[in-house]
Each structure stands twice: as structure tokens, then as C-alpha cells.
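K.L.:
Here is my input, please return the structure:
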Amino acid sequence: MRRLLCALALAVSTPMTAMAQAVQTDDPYLWLEDIEGAKSLAWVKEHNDRSLGVLQADPRYAELHDKALAIVNATDRIPVPGFNRDGTVDNFWQDKTNVRGLWRRTSLDSYRTPAPQWETVLDFDALAKAENANWVYKGATCLSPEERYCLVSLSNGGKDAVTIREYDSVQKRFVENGFVLPESKGGVTWIDHDTLLVARDFGPGTMTKSGYPFVLKRLKRGQSLDQAQEIFRGTADDVSVDSYTLRDADGALQATIVVRGKTFWESENFLLTDKGLVKLPLPEKSSVRALVDGQLVFTTEQDWNGFKVGDLLAYDLAALKADPAEAKAELILRPGARESIEGVSNTRNKLIVALYENVKGGAYAYSHGAKGWTRTKLDLPANSTVSIGSAAETSDQVFFTVSNYLNPQTLWLADAASGKLDKLKAMPDRFDGTGHVVEQFEATSADGTKIPYFVVRPKGAKLDGSNPTVLYGYGGYQNSLLPSYSGTLGKLWLERGGTYVVANTRGGGEFGPAWHEAALQQNRHKAHEDFIAVAQDLIARKITSPRRLGIMGGSQGGLFMGVAMTKHPELFNAAVIQVPLFDMMRFHKLLAGASWMAEYGNPDIPEQRAWILEYSPYQALKAGQTYPEPFIETSTKDDRVHPGHARKAVAKLEALGYPVLYYENTDGGHAAGANLLETARRVALEYTYLTRKLMD
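P.N.:
As a prediction, the model looks like this:
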């Protein structure tokens with residue numbers, strides 16, 4: 001069951017203040033916001049050539065690149081499995097031969113073996129070659145219960161916007177005269193073989209200020225998009241409109257839900273009936289998680305009707321459909337102060353919950369009965385990240401992955417009914433972690449809050465401030481940074497004597513929604529103070545020193561790095577700033593940025609502008625500072641965070657006389673990894689830079 005909070009947000013139509021207009025018109029680098037403009041691309045090429053010339057000329061780059069490429073292309077990775085209703089297992093696979101990837105399938109019995117016999121369903125390298133297109137696979141949704149016909153999402157170069165085409169997974173061909181939806185952001189939902197609900201760009205007046213659809217239509221087979229029947233219309237100030245279906249364990253349709261995303265965090269849910277739409281009594285800050293045994297399971301991200309923020313709840317779906325006003329929600333789980341729900345799924349009969357305590361994971365199987373909900377803990381390895389993988393809809397089997405910073409992923413198959421566990425596969429070590437130790441410490445933030453963080457370091461490292469250290473952070477959108485294994489990080493940094501630190505700051509979800517809400521909007525500075533507190537604690541413990549300390553983060557984490565670099569340049573000697581937000585006075589004007597105002601605030605409202613301006617890195621850049629020479633990266637194809645943020649940051653730094661390294665990948669989208677070759681190059685560039693700054 002997909003999470004129903006779109007990564008989008010609210011656009012407010014408040015008139016711009018004179019001050020805001022002045023900032024925009026006085027910006028000499030606005031022209032770099034022209035993503036594909038000839039002048040902009042010439043600037044990009046010049047900066048790419050210069051920076052690649054520096055980093056790739058370093059004698060260590062080639063070795064680091066070869067090691068990274070060997071890891072990302074390794075064929076002894078665990079093929080991530082996904083259950084089909086017929087008991088077969090699907091996998092999406094990339095390697096040096098299949099750079100764009102294969103959608104492939106095998107039986108569960110074959111998957112259990114060391115060398116499964118895979119059947120190719122769709123070869124994306126062959127498709128891209130045949131169509132002379134830069135296709136990047138973005139997933140498929142198949143019609144239950146047969147799951148023969150699938151809607152395949154194809155992205156041009158890794159963009160969020162996708163073209164959707166109907167594919168016959170049995171005949172292994174695109175359906176002649178089948179459903180085809182042109183490139184757009186927005187979702188699509190199967191109702192039956194001949195019916196879809198589509199949220200797309202239907203032309204002028206159908207897209208929100210965030211760049212997502214606010215019109216939902218019913219499309220019948222054989223119709224063109226302009227013939228589709230309108231089902232729901234939101235407003236341009238919404239984030240988006242979407243839909244989803246609730247199906248029982250046999251794949252039968254039980255309900256169709258329409259979602260109006262009012263802000264990034266607030267939504268309205270409507271039941272689609274023969275008589276129209278009926279609003280459901282769900283809190284506006286909530287996420288529908290599963291349907292099991294007739295129970296609609298959801299989490300609430302706000303105090304609501306006597307329930308607490310972070311609670312896991314359920315409605316009886318039949319009662320909800322019969323009379324939404326009279327239906328009563330039931331408590332399943334209330335996490336403790338240092339606990340968080342990091343994953344929810346369901347098998348045929350069981351609700352599966354990944355519950356974390358102090359950023360360490362465990363998994364439980366919940367059963368629904370006449371006396372309510374009971375649970376059993378699954379005996380998976382402790383002190384690790386436990387992630388719910390694919391759960392079967394026709395049995396009680398569910399895959400789990402388990403890993404931590406030093407131990408590579410293992411794949412487990414659990415029977416949630418009996419508790420039986422089978423360790424199916426283990427990824428081999430990509431680096432020698434035997435000489436390292438993982439420690440968890442706490443830093444004290446400016447307001448006294450204790451901020452946990454993990455340190456991965458050589459066992460014999462002296463606590464004299466000499467250890468080259470990378471501090472990673474994100475700090476937003478309720479995204480938890482959980483212990484995870486990275487072969488490239490281990491091989492290119494840890495194995496070479498580096499130390500790696502992850503800060504679990506507020507703004508994330510490590511201790512539930514309240515941990516996130518503590519750093520929203522006017523309190524965003526608390527997340528920044530948390531990150532700085534961790535850096536200062538590392539220095540106080542003499543794990544590292546400003547000369548040997550670098551920082552790294554992407555997207556919201558890129559904003560994090562920009563704030564840290566401009567507010568406390570004395571603490572750092574390196575900053576890897578990936579696909580960042582940087583100009584927070586204009587973030588809401590660029591691509592999907594308007595959708596993030598529920599997280600940061602609205603720069604067009606004077607009071608909110610003031611708290612955003614207090615930390616916006618672009619405006620904070622000034623002469624006479626001791627900024628570390630940063631390495632700033634973005635992607636031309638990123639249609640989520642505008643590449644103009646990174647470009648303008650570089651231009652302003654250079655104008656102020658600071659050295660800066662810059663790399664813009666012309667493919668890859670927001671994840672900056674359309675293919676494995678590009679991933680290896682990006683990683684090698686980053687660790688070459690960090691080596692030069694922190695190890696030399």
C-alpha cells in the first residue's frame with residue numbers, strides 16, 4: 001500500500017512583497033534558471049570541464065572510479081524481490097551489460113537457489129535502443145488479480161515526469177492500441193481492464209503551482225485524454241490530486257479513494273461512489289498504510305479525536321463505507337517517546353510493522369480478531385536496520401532486509417503466521433569492516449535537546465582530532481536516517497581510514513512525526529542547530545577537528561549543507577552539496593518548490609520570509625568568510641529541485657572570489673543516477689574531492 005503523502009506541497013497566492021520582488025530582480029544570476037538555455041548550458045559545460053579536469057586528473061580518481069564501478073556493477077548483489085499474486089517473484093536488475101535494466105521474473109523456488117533462472121519481462125536497454133530514446137524505468141503498476149496488464153512508467157533521462165504505456169507481461173509486448181499517457185507528472189490507477197483514473201497535465205488550468213495535476217479523470221479504453229470524464233477538480237493552490245484503490249486479499253476491488261493534497265502534509269480523502277464523492281473521516285495529517293482483514297490501517301501525524309500524533313489506527317472498512325460519520329477508529333499501536341513506526345505493510349492475514357527504538361529496528365506481525373489487535377515479534381537480527389520488503393497478498397510470506405553500517409544486507413523470508421524465518425541470501429562484503437567499530441553518541445543542541453548520532457570509525461583511531469571525517473545529514477520531511485550498508489562508502493572511504501558520521505537531527509522521523517514537527521517552518525533553525533551540535537560534539541570528543549571534518553547531504557540535505565557552510569564555516573574543511581535547495585527566497589517559484597512551503601514556509605509572507613531569510617544559504621553568501629571550497633552537484637534532468645539553485649550558488653561564490661568545484665550531470669533526475677556508469681562516476685568524484693580535502 002503506497003504512502004499517500006505526495007512529495008509535493010502548497011502554493012500560496014499571496015502577492016509578493018516589494019522586498020521579495022527586489023531580491024528576484026536584483027539577482028544577476030537569474031539567467032542560470034533557464035534549464036536548457038544555450039547560455040546556461042555553455043556555462044554548465046565550462047564548469048564541468050574545469051572541475052572534472054581537476055578531480056579526474058587526481059592520480060587517485062581512476063582507482064576510486066574502478067572500485068566504485070566494480071561495486072555498482074557487481075552481479076553478486078541481492079536481487080530485490082517483489083511478490084506476484086501467482087507466487088512468482090519479480091526483480092528489476094542493472095549491471096554493466098544491462099545499464100538501463102531488466103524487468104525479470106522467476107519462481108520462488110528458483111529464487112531461493114544461488115543462481116535463479118530468470119525470465120526477462122522487459123529489457124529497457126533494448127527498448128531505448130529500438131526507440132532511440134533515453135528511457136529510465138520508473139516502475140510499473142499491474143491490474144489485480146491477474147496482474148497480466150501493467151502500466152509501465154518511462155522517464156526521459158530520469159525526470160519525475162513520465163510517459164505511461166500499457167504492457168502485456170505475458171506476451172511481453174506493449175499492448176496494441178492500449179493505454180498510452182504522454183509525459184507528465186501525476187498518477188494513474190487501474191479500476192478494471194478498460195478503466196483508469198488518471199491525474200495528468202490536461203492542458204492549461206489543470207496543474208498546480210507546484211507542477212502537479214489537480215484534475216482527476218476517468219479514462220476508458222479507446223478514449224483520448226480529452227474525452228476522459230472529469231471526476232474531481234482541486235485548485236491551483238493545492239499540491240496535487242491523486243487516487244488509489246483498496247483491494248482485498250483476493251484482489252477484488254473494495255473501494256476507490258480520491259486524495260486531494262492540500263499541502264505537503266495535509267490531505268482530504270474521498271470515497272468514490274456511484275452517487276459521487278463522500279469525504280472520509282481521516283485526519284488531514286495522516287497516511288493510509290494497509291487493508292487487512294477488512295481493516296483500513298492508517299497512521300496519524302497529528303493529535304486527533306483523542307489519539308496521539310504517531311498512533312497506528314484502523315477503521316472497519318465496511319462500517320466506514322456504510323456511514324463515515326458513525327465509524328470509529330481503533331488504536332493498534334502507540335509508539336513510545338524514543339520509538340517510531342518506520343514501515344507498515346500487510347500479507348493476506350497479517351499486518352506487518354517495522355518499529356524502531358532509538359534508531360534500531362525490529363518487526364512485528366499483528367493479528368486482528370474479535371478482541372482487537374495482538375502482536376508477535378519476529379526474531380530478526382537485533383541492532384540493525386530492519387526493512388519490510390515485498391509482502392505476499394495470497395499468503396502470509398514477507399521479505400525483510402537486514403543490515404547495518406558494517407554488515408551487508410541479508411534477505412529474510414518470514415512466515416508472519418508461524419513466525420518461521422529463512423535467511424535466503426546475503427550480500428558479500430564489499431569492504432573490510434573488521435577493523436571498524438560503530439558507536440552511538442548524543443550531542444546537546446542549543447535548546448538542550450539530545451540529538452543521537454552514529455560514528456563509524458577505525459577501532460584503533462586515536463582521539464586526537466586527526467581523523468578525516470564525513471558528517472552526513474538530511475533533517476527534513478520526516479525522513480529517518482537509519483543504519484545502512486554502502487559498499488562504495490566502505491571501499492572508498494572507511495577502508496582507507498576515513499570516519500563516517502550520521503546525524504539523526506530533528507526534522508527527520510527517527511522518533512516519529514513529533515520529531516519532524518519540532519523543526520517545521522519557524523522552527524527549522526532547530527534542525528540546523530542539531531547538526532551543528534553534532535559537529536561540535538565530534539570535535540569536543542576529538543574524534544575529528546575542523547581541518548579534517550567535511551559534510552555531505554543532498555536535496556533537503558543539500559540545503560542543510562549550505563546552511564552549515566555559511567553559518568559555521570570555521571567547523572568544516574569540505575562540503576559535498578548534492579542537488580541542493582539554496583535560494584530559499586525563490587524555492588517556491590521553481591519547479592516543484594511551491595509544494596514544499598508546508599515544510600519551510602512562504603517567502604511571500606513577510607513574517608515567514610523573515611525566518612527563511614535568516615538561514616537561506618544563497619542570500620547568506622558574502623565576502624571575507626572562511627568557507628571551505630565546496631563540491632556542488634546537480635542534474636540538468638532534475639525536474640524536482642531546480643538545477644538553478646546549484647548553478648546560482650556556484651556563480652555567486654565565484655563572483656565573491658571563492659574557489660568552488662561544480663558538476664552537473666546532464667541525465668539522472670533528482671537521484672542523479674539514471675544508470676550505473678553515472679553513479680560510479682559521481683561517487684568517485686565525491687570521494688576524490690573528500691580525499692583531497694580531508695586526508696591530504
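
K.L.:
outside of stretch 188-197, which residues touch it?
P.N.:
141-144, 149, 151, 164, 179, 181, 198-200, 216-221, 231, 242-245, 253, 256, 258 (Cβ atoms under 8 Å, 6 or more residues apart in numbering). Yep, even glycine has a C-beta here, placed from its N, CA and C like the rest.

K.L.:
all helices of the stretch 151-300 of the chain, in order?
P.N.:
Taking DSSP state H, counting those that start in this stretch as the criterion, the stretch 151-300 of the chain carries no helices.

K.L.:
Tell me which stretches of it form strands.
P.N.:
162-168, 173-174, 180-184, 188-192, 195-199, 215-220, 229-233, 240-247, 253-261, 267-273, 276-279, 286-292, 295-300 (DSSP state E, counting those that start in this stretch).

K.L.:
Report the central residue of the protein.
P.N.:
N479 (7.8 Å; Cα atoms, centre = their mean).

K.L.:
Got phi/psi on that residue?
P.N.:
phi -90, psi 120 (degrees, to the nearest 10).

K.L.:
And for W515?
P.N.:
Per-residue torsions, W515: phi -70, psi -40 (degrees, to the nearest 10).

K.L.:
show me what contacts the closest residue to it other than its chain neighbours?
P.N.:
Leaving out its chain neighbours, the residue that sits closest to W515 by Cβ to Cβ, 6 or more residues apart in numbering is R506, at 5.6 Å. Neighbouring residues of R506 by Cβ under 8 Å, 6+ apart: 445, 449, 451, 475, 515-516, 518-519, 526-527, 530.

K.L.:
Same check on G497?
P.N.:
Here G497 is in contact with 458, 467-468, 695 (Cβ under 8 Å, 6+ apart).

K.L.:
filter those to the buried ones?
P.N.:
467-468 (16 or more other Cβ atoms under 10 Å).

K.L.:
could the contacts of G497 be laid out in CSV, adding secondary structure and distance to I551?
P.N.:
Listed next are the contacts of G497 as CSV, based on DSSP: H, G, I helix; E, B strand; the rest coil; distance: Cβ to Cβ, whole Å:
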residue, secondary structure, distance to I551
P458, strand, 20
N467, coil, 15
P468, coil, 13
M695, helix, 16
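
K.L.:
Quick check: of the contacts of G497, which lies closest to T376?
P.N.:
P458 (39.7 Å; Cβ to Cβ).

K.L.:
Relative to V239, how far out is that closest one?
P.N.:
From P458 across to V239, the span is 46 Å (Cβ to Cβ, to the nearest Å).

K.L.:
can you check F531 too?
P.N.:
For F531, the distance to V239 - Cβ to Cβ - is 27 Å.

K.L.:
Which pLDDT value goes with K285?
P.N.:
On pLDDT, K285 comes in at 95.

K.L.:
Is it correct that it is in contact with E301?
P.N.:
Yes. K285 lies in contact with E301 (Cβ atoms under 8 Å); the separation is 3.9 Å.

K.L.:
More neighbours: these two, which one.
P.N.:
E301 (24 against 20; other Cβ atoms under 10 Å).

K.L.:
OK, contacts around that one?
P.N.:
Here E301 is in contact with 265, 283, 285-287, 309-310, 478, 513, 517 (criterion: Cβ under 8 Å, 6+ apart).

K.L.:
try it again with 10 Å
P.N.:
For E301, the contact set (Cβ atoms under 10 Å, 6 or more residues apart in numbering) comprises 5, 265-266, 283-287, 309-311, 478, 509, 512-514, 516-517.
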